[in-house]
Structures are given as C-alpha cells and as structure tokens.
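**Student:** Generate coordinates for the sequence data below:
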Amino acid sequence: MKYLIILTSFLALSSCKTDAQKLKISAIYTEPKKVTREIPGTDSTHTFTTRTEVTERLAPMIFMLSKNSEILKFRIQGNISSNGHSIHQIRKIRFEKGEQNGNYMTLRYYVEIKKKPGKESANVVGYNYTKDEVYEIPDDVKLIKIELYEDRINEISDTNPKLIAEPIFNFFAKI
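**Tutor:** Numbers count the residues shown, from 1 in each chain. The predicted structure follows:
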C-alpha cells in the first residue's frame, strides 16, 4: 500500500506541466450595432446593422519575456481571420530550428492554419493565439533571429508560408 501511494504521487507529479508551452486560442467576438444614416438628396434616413469588434485583436509579434546566459523565454502572439462560409482554425505552432552561421542563429515558427467547410458564428470574426516558448541558447550564439510564419496547410494557392514577424535578440552582453 505504501508503494502504491508513492508510485501514484510520483506519477501525478511527473505528469504536471506548466502552461509555458501550451498554445492558447481565444475567439475574437463582435456585437451588432444599429447605425442610422441620412440619405443625401432626400429627407429620409436609413437604419442598418453593422458589427463592431468587442475583443481586442492581438498584433502578430514575438517579444522577450526573460533572458539569462543560458535560456531565452519569449511569447509568440497573433491573430487569424475566420468568418463566413469557411472556418479557419489554428492546428498548432510548429518549430523548425534554422541554420547557425557563426554567432548568429535563426529559429522558425509556423502557425499552421487549417481551413474546413462550415459556417462560422456571426459573432466570431477570428481567433487570437499566444504561446510561450523556452529556448536553450548555445554558448557560441550572440544573435538570435526568430521568424514567425503563417502556413495555410490545405490551400493550394498558398504554397509559400507568409512571414508575419521577425525580431532579432542580442546576447553580446553574455559572458
């Protein structure tokens, strides 16, 4: 019985993870708004409904959360549009280690966007995404460039991923 409790607690602790590497996705919502306009040349007015976004749309960017001589912590964020008669969903953010040239390294992240048939809710116009990443910095690297791409994986017209952000982080102060 004692060994069972120890084994259970060990399995519970080993399966615990922080949300540091978890992709977080939230919907961008709109709400209807009535607008009244006067028609020029006549004395009549026309009332119609428009939609205004009530959720902030995150700008595509990569920014540093913290750094030390061995580890770089950064956040990837952005948004995709999704409305009408096709649903765009974020499948995952894929990491590809780029090349290292001397003290310069490139890291590439691809936001995989999958298109599927269906109708999006009228209140949803897209999705925000954020993901925190941790990268171990090799000893000889002084500059890290991180590239963020949108990759629409099942659209034939978009065979080349679109570059949406590329910051460069400087580690020359590292000794």
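
**Student:** Break down the chain into its helices, ranges please.
**Tutor:** 2-15 (DSSP state H).

**Student:** quick one, strands of it?
**Tutor:** For the chain, the strands defined by DSSP state E occupy 24-38, 45-53, 61-67, 71-81, 86-101, 104-117, 124-136, 143-152, 162-165, 168-170.

**Student:** and the shortest one, what other elements does it pack with?
**Tutor:** Taking 3 or more Cβ pairs under 8 Å, 6 or more residues apart in numbering; DSSP states H and E as the contact definition, the neighbouring helices and strands of strand 168-170 are strand 143-152. Bear in mind the C-beta positions are built from the backbone N, C-alpha and C, glycine included.

**Student:** repeat for the third one
**Tutor:** Strand 61-67 is packed against strand 71-81, with contacts defined by 3+ Cβ pairs under 8 Å, 6+ apart.

**Student:** Distance check, Glu38 against Glu31.
**Tutor:** Remark: distance between Glu38 and Glu31 (Cβ to Cβ, to the nearest Å) = 24 Å.

**Student:** about what we covered before: need the winner for burial among the strands of the chain.
**Tutor:** strand 143-152 (a mean of 19; mean count of other Cβ atoms under 10 Å).

**Student:** now it, how far from the chain's geometric center?
**Tutor:** Distance of strand 143-152 from its chain centroid, counting by Cα atoms, centre = their mean, to the nearest Å, is 11 Å.

**Student:** now swap in stretch 66-80 and tell me
**Tutor:** Put simply, stretch 66-80 sits 12 Å off its chain's centre (Cα atoms, centre = their mean).

**Student:** Dump the C-alpha coordinates for that stretch into CSV.
**Tutor:** This file holds the C-alpha atoms of stretch 66-80, laid out as CSV (Å, rounded to 0.1, in the frame of the first residue of the first chain):
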residue,chain,number,x,y,z
SER,A,66,13.1,37.0,-19.9
LYS,A,67,16.6,36.0,-20.8
ASN,A,68,19.8,34.9,-19.0
SER,A,69,23.0,33.5,-20.2
GLU,A,70,21.5,30.0,-21.0
ILE,A,71,17.8,30.4,-21.6
LEU,A,72,15.6,32.7,-23.6
LYS,A,73,11.8,32.9,-22.8
PHE,A,74,9.6,34.6,-25.3
ARG,A,75,6.0,34.8,-26.4
ILE,A,76,4.5,34.3,-29.8
GLN,A,77,1.2,36.0,-30.4
GLY,A,78,-1.1,36.9,-33.3
ASN,A,79,-4.5,36.5,-34.9
ILE,A,80,-6.2,34.9,-37.9
